[in-house]
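*Asks:* Sequence and predicted structure, then a few things I'm wondering about:
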Amino acid sequence: MQWELITNIILILSFIVLGVFGILGIYQWITRKSFMKIDRNIRWMALPLVLMAITYFIFDKLIILNTRPNGSGEPSFPSTHAMVVTTIFFVVIITLPKYVKSKIACAILDIIMLILIALTCSGRVWCGMHWPLDVFGAIGFAIIFSELYLIAIKLKRKKK
């Protein structure tokens, strides 16, 4: 099986996982009758998504630092697949313990997501779509976005 196909499948899987949290958020919004009553972990998931979209736009349309090694001339820094998969799975790893009470189940799911991140990051280089620096840059952005998400969900709201 080609690495490009494998990384595309993992990318789609990451969006499906994110969609599960989206559906949970919509369910909470409907049943609790208020957007602000949606769990803050789910509400704040929009932050890293917006940051990824901004980063993609900047490096795909405004500042082209590198082109793909396959000679297509397309922008390659940062690897969008690596950035999206890593960010989504890092955010899910942070959020999962709130919804899955079994520590063993959380640990197994965390390991699976880390393996999928590793496969995506290495696969993008192996299939000739990205340079290693593109993937390392994507991981760096994912760490920053995940840390900002962690800070946001830990902020205490001031009581009136």
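*Replies:* Thanks, I have it.

*Asks:* buried ones in the host helix or strand of residue 51?
*Replies:* In the assignment (DSSP states H and E), residue 51 maps to helix 46-57. Using 16 or more other C-beta atoms under 10 Å as the test for burial, helix 46-57 gives 47, 48, 49, 51, 52, 55, 56. Quick note: C-beta positions are derived from backbone N, CA and C, even for glycine.

*Asks:* Quick check: buried residues in the biggest helix by length in the chain?
*Replies:* Secondary structure of the chain per DSSP state H: the longest helix is helix 3-32. Neighbour counts over helix 3-32 (16+ other C-beta under 10 Å) mark 3-4, 6-7, 10-11, 13-14, 17-18, 21, 25, 28-29 as buried.

*Asks:* Check the offset of the helix holding residue 51 from the chain's centre.
*Replies:* Relative to its chain's centre, helix 46-57 lies at 10 Å (C-alpha atoms, centre = their mean, to the nearest Å).

*Asks:* quick one: contacts of that helix?
*Replies:* 18, 78, 80, 83-84, 87-88, 91, 141, 144-146, 148-149, 152 (C-beta atoms under 8 Å, 6 or more residues apart in numbering).

*Asks:* Show me where the chain has its helices.
*Replies:* Using DSSP H, helices in the chain cover 3-32, 40-43, 46-57, 80-99, 103-126, 132-154.

*Asks:* Indicate which one of these is closest to residue 63.
*Replies:* Closest approach to residue 63 among these (C-beta to C-beta): helix 46-57, 10.0 Å.

*Asks:* Can I get that closest one as CSV, trimmed to CA atoms?
*Replies:* Coordinates of each C-alpha in helix 46-57 appear next as CSV, following Å, rounded to 0.1, in the frame of the first residue of the first chain:
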residue,chain,number,x,y,z
ALA,A,46,-12.2,25.3,17.8
LEU,A,47,-9.1,27.2,18.9
PRO,A,48,-6.5,24.8,17.5
LEU,A,49,-8.6,24.3,14.4
VAL,A,50,-8.7,28.1,13.7
LEU,A,51,-5.0,28.3,14.3
MET,A,52,-4.3,25.5,11.9
ALA,A,53,-6.4,27.2,9.2
ILE,A,54,-4.6,30.5,9.7
THR,A,55,-1.2,28.7,9.6
TYR,A,56,-2.2,26.8,6.4
PHE,A,57,-3.3,30.1,4.7
